[in-house]
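Participant: sequence? don't have it. structure:
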């Protein structure tokens, strides 16, 4: 593309999969932690950009997933990027509390160590407290 | 899972998609930049862990993609994590030079600014130099 293109033009060529979805990586804007990966469709990208609060598409529930609507742990959007192939989105966000449904700050807590996998972080909040 | 499980047990329950693939996010271990997102199958995860050099599965070429084998820009594995749902992998890596085929350090250089998308980083190396 040239140095500047319209958002709608980029959304037209973005590579949504057969279910209309594109993977979205959420990164905490200041600490740079990778918090989670989820999926978005075109409408959830547009909603996220217009409201400034991250909205995914839940594949398990087959509905929009406005992050934090049940747990209160919202993601405020700082910046949104597409990758070189227009097939992945990177969300720079400000995450309130835990991003993970287990109550942990981020979802990537299963660490491979030799031939084993260990849990390398503790919940910030008991998940029972998150989804009362 | 309990606090410790075998790698093979986790690979058995990891959620590879209908093509046998799982998304893998590569993050530079020290600067925490998100470099790229690509796909791995079970064998490429096992190879990556045993060799210490990141190997993806190329969906476009339908073959193993040992990062850097044509460009020289290898990814040395520091750590590998699974997420809470076992459906995404996070690779902590040491990337030599550019991770992106455009010669840029990372792939997420299309930034949304209002109703437009701009390019917000420059190549480190001319891509013609990368793939001679």
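Facilitator: Looks like it arrived, so ask away. None of these values were measured; they are calculated from a predicted model. Numbering: from 1, shown residues only, chains lettered A, B, ... in the order given.

Participant: neighbours around residue A:61, how many?
Facilitator: Neighbours of residue A:61 under the rule other CB atoms under 10 Å in any protein chain shown: 8. C-beta: built from backbone N, CA, C; applies to glycine.

Participant: show me where chain A has helices.
Facilitator: A:7-13, A:42-51, A:127-130 (DSSP state H).

Participant: residue of chain A with the smallest distance to chain B?
Facilitator: residue A:32 (3.3 Å; CB to the nearest CB).

Participant: For that residue, which residues are in contact?
Facilitator: The contact partners of residue A:32, by CB atoms under 8 Å, 6 or more residues apart in numbering or on different chains, come to B:31, B:32, B:33.

Participant: Adding distance to residue B:44 and pLDDT, write those out as TSV.
Facilitator: Putting the contacts of residue A:32 into TSV (distance: CB to CB, whole Å; pLDDT from 0 to 100) gives the following:
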residue	distance to residue B:44	pLDDT
B:31	25	98
B:32	24	98
B:33	22	98
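
Participant: Go through those residues and name the one nearest chain A.
Facilitator: residue B:32 (3.3 Å).

Participant: The residue lying closest to residue A:83 once chain neighbours are set aside - how many residues pack around it?
Facilitator: Closest residue to residue A:83 apart from its sequence neighbours, by CB to CB, 6 or more residues apart in numbering or on different chains: residue B:107 at 4.0 Å. Residue B:107 has 26 neighbours, counted by other CB under 10 Å.

Participant: For the closest residue to residue A:73 other than its chain neighbours, list the residues it contacts.
Facilitator: Counting by CB to CB, 6+ apart, the nearest residue to residue A:73 once its immediate chain neighbours are dropped is residue A:97, at 4.4 Å. If you count contacts by CB under 8 Å, 6+ apart, residue A:97 has them with A:71, A:72, A:73, A:105, A:124, A:125.

Participant: shouldn't residue A:127 be in contact with residue A:73?
Facilitator: No. Between residue A:127 and residue A:73 there is no contact under CB atoms under 8 Å: 10.9 Å.

Participant: the more surrounded of those two?
Facilitator: More crowded of residue A:127 and residue A:73, by other CB under 10 Å: residue A:73, with 19 against 14.

Participant: residues contacting that one?
Facilitator: A:67, A:95, A:96, A:97, A:98, A:99, A:130.

Participant: same question, residue A:28
Facilitator: A:35, A:93, A:94, A:95, A:106.

Participant: Neighbours of the fourth one, how many?
Facilitator: Think residue A:95. By other CB under 10 Å, neighbour count at residue A:95 equals 24.

Participant: Settle this for me: it is touching residue A:27, isn't it.
Facilitator: No. Under the criterion of CB under 8 Å, residue A:95 makes no contact with residue A:27, lying 9.4 Å away.

Participant: Pull up the overlap in contacts between the two.
Facilitator: residue A:35.
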